Each structure stands twice: as structure tokens, then as C-alpha cells.
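Participant: Here's my sequence, what's the structure:
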Amino acid sequence: MLPVTFDEWVSHLTSQEPPVLQATLLSLNKLHNSIDVSAAKIAAIVLPDPMMTLKLMRLANANKAGAFAQRIATAEHAVMMLGLESTFDRLGASRTLEESLPQAAQQGLQRTAARAYHAATQAREWAVQRLDTNVEEVYIAALLQELGEMALWAVAPDKLIVLDKARQRNTGATIEQEVLGFYIDQMSMALAEQWNMPHLVTTAMQPEQCAAHVRPRCVMLASRLARDAEWGWHGTALSADFDAIAEARRLHLDDVVAQIHRAAAGAARRRTFGPAQPAATWLPMLPGEWPEEQAEVAPEI
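Facilitator: The predicted model follows:
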């Protein structure tokens, strides 16, 4: 029986955690059995997997509630705080999406992970160019902007399958409210607060913070860019993203677009997520309409 009210959904999802990629778990086990282990090497395995990164940050910040708590914001620091053996034990107990989710849910979660990784890659590139003092914090903040959708794919995949089909027919701003009873970004914010995520994760979800500060604004713009580029690189929404990014970074529009395209290609080369198509797949395509899909009868909500 699924929850009904928003508060019930938050309570239900807070007690769950998304499954991780099997490849991540295998890499961690291989590292655990080697003689050359460090917090940095564990972090390097965890960071390309948005779900495993979420789990690590939840563990590290479990007791850091409160607006003024000094939350851990990087993976290596999280591992050092937990300890090497404790990190291996607790992350190694994760369930994998390949073994625990039906095929459609696996594909949906992998697509969400690919989008999150693309956003994080873009945000990291901008942070490096801005000489940010903590690039990994920016990367993780962008990676976790999709935590609400990741949690929902793990717990209520049928709901999101219905939402995906509804989005194909109607791209209106209220479609999530109509199908789920709430907005996914609203859920992401609630879960980020419940799980004591690093402050940059939550500030990037707040428009007033993004308007006032460049770091959360860049995280928010990277997340928006990844969402809009998921099915192509043309259209008014993406053009507006490019303009906003150029303004935030105080760079010429053509330079920004070229850098974004290079970062998207880099993300696609470095990390793939099962059957999910990376955004860079659509870079060579010319503007045009998507072909009509066969109409299907959506399952009952």
C-alpha cells in the first residue's frame, strides 16, 4: 500500500534507500581485497554512482541535524569520518538495482542517474574554471539534485512509468502534481532535509538562494541543463539555459555552448548507465520533431 499524502510519502521514502549500481559494488569489493586501500580510492569508486554517493552522504551526515550543523560535503571526508572498514561494510551491504528492481524500473533509475551524472560533470567543469575552493562539493550537490526521483524509482516505479507516459503526451508544469500528488523537486527538497544533505544540495533547490549566490545558481543551472538536454540539444528551453549559464559565468554565449558540448561528450565517454542514452548522443542531430510513438494504455494509478 503506497502512501497518500505528501508527508506520508516523505516518511516512507526517508526510511528507504535507492539501490546502487552492481558495477560500483563489484569495484568496491575488489578494492577491499587489495593491499592498496585509501579513502581517496573509495571516493573515486563511489562518486560516479549517484545512488552510492547518496548512501555515503546519508551515512556520514546521519547525526548532523540542524540548520547550523557542519555537514560533511565530500566523499573522501565522509569515508575518513566513517572509517575504511566501516565504509566497506556499510556500503557493501547495499542492494543493487540489477537484482532488486524490475526491468522498467532499472531503466528509469539508470536514466535518472545518467542525467544526474551529466549535471554533476557540467557543474564540476564550471567550478574548476571559476577556481572554486571545493570542486567536489559542487559536483556532489549537482549529482544529488535528482535524489527525489531516484528514491521514487526505487519505491514506486509504477507511478513514475505512468508519469513518463503522461509527459510524452503533456509537458505541462502541473503533470507531476496530477500524477503523483506532488512535485518531484518538492520531494527532493524534503528528503535532502530529512537526510541532512550538505547545505549546497538544498540551497541549489531554493530559487532565492540561487538568485543571490553564484555557487547554488551554477548547480541549479547544471541540473536544469541536463534535464532539458536529455532528449535533444535544440529548443527554447535549452536556449534559455545557455543564456542563463553565460550570464552566470560572465562568458560569451558561443564559448559557453562549446564548453557545455565538450563536457557532455566527456561525461558520455567516462561513464555509461546501462541502456540509458547519454545526452551527448543527441549532439549531432539537427532540429526537428520526434517521431510519433505508438499509443499505449497507461496502467491505472
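Participant: And the longest helix seen in the chain, what does it pack against?
Facilitator: Assignment by DSSP state H gives helix 103-129 as the longest helix of the chain. Judged by 3 or more Cβ pairs under 8 Å, 6 or more residues apart in numbering; DSSP states H and E, helix 103-129 is in contact with helix 50-60, helix 97-100, helix 135-143, helix 147-155, helix 157-169, helix 214-228, helix 236-249, helix 253-270. The C-beta positions use only the backbone N, C-alpha and C, and glycine is treated the same way.
Participant: Just the buried residues of the lowest-mean-pLDDT helix or strand in the chain, please?
Facilitator: Sorting the helices and strands of the chain by mean pLDDT, DSSP states H and E puts helix 157-169 at the bottom, at a mean of 87. Burial within helix 157-169, assessed by neighbour count using 16 or more other Cβ atoms under 10 Å, is assigned to 157, 159-163, 165-166.
Participant: what's the angle between that helix and helix 103-129?
Facilitator: Between helix 157-169 and helix 103-129, the angle comes out at 70 degrees (axes from the mean of the first three to the mean of the last three Cα atoms, to 10 degrees).
Participant: Now do the contacts for the closest residue to Trp195 other than its chain neighbours.
Facilitator: Nearest in space to Trp195, with sequence neighbours left out and distances taken as Cβ to Cβ, 6 or more residues apart in numbering, is Arg58 at 4.9 Å. Arg58 makes contact with 17, 195-197 under the criterion Cβ atoms under 8 Å, 6 or more residues apart in numbering.
Participant: again, only using 10 Å
Facilitator: 14, 17, 78, 147, 191, 194-197 (Cβ atoms under 10 Å, 6 or more residues apart in numbering).
Participant: for Leu21, same thing?
Facilitator: 27, 48-52, 94, 96-98, 109-110, 113, 271, 273-274.
Participant: if we go to 7 Å?
Facilitator: 49, 51, 96-97 (Cβ atoms under 7 Å, 6 or more residues apart in numbering).
Participant: any idea how far Ala279 is from it?
Facilitator: 19 Å (Cβ to Cβ, to the nearest Å).
Participant: Ala114 now?
Facilitator: From Ala114 to Ala279 the distance is 8 Å (Cβ to Cβ).
Participant: okay, those two: which has more neighbours?
Facilitator: Ala279 (30 against 25; other Cβ atoms under 10 Å).
Participant: OK, contacts around the more buried one?
Facilitator: 118, 226, 229-230, 264.
Participant: Which of those residues scores worst on pLDDT?
Facilitator: By pLDDT, Glu230 ranks lowest within the contacts of Ala279, coming in at 89.
Participant: and that residue, how many neighbours does it have?
Facilitator: Glu230: 18 neighbours (other Cβ under 10 Å).
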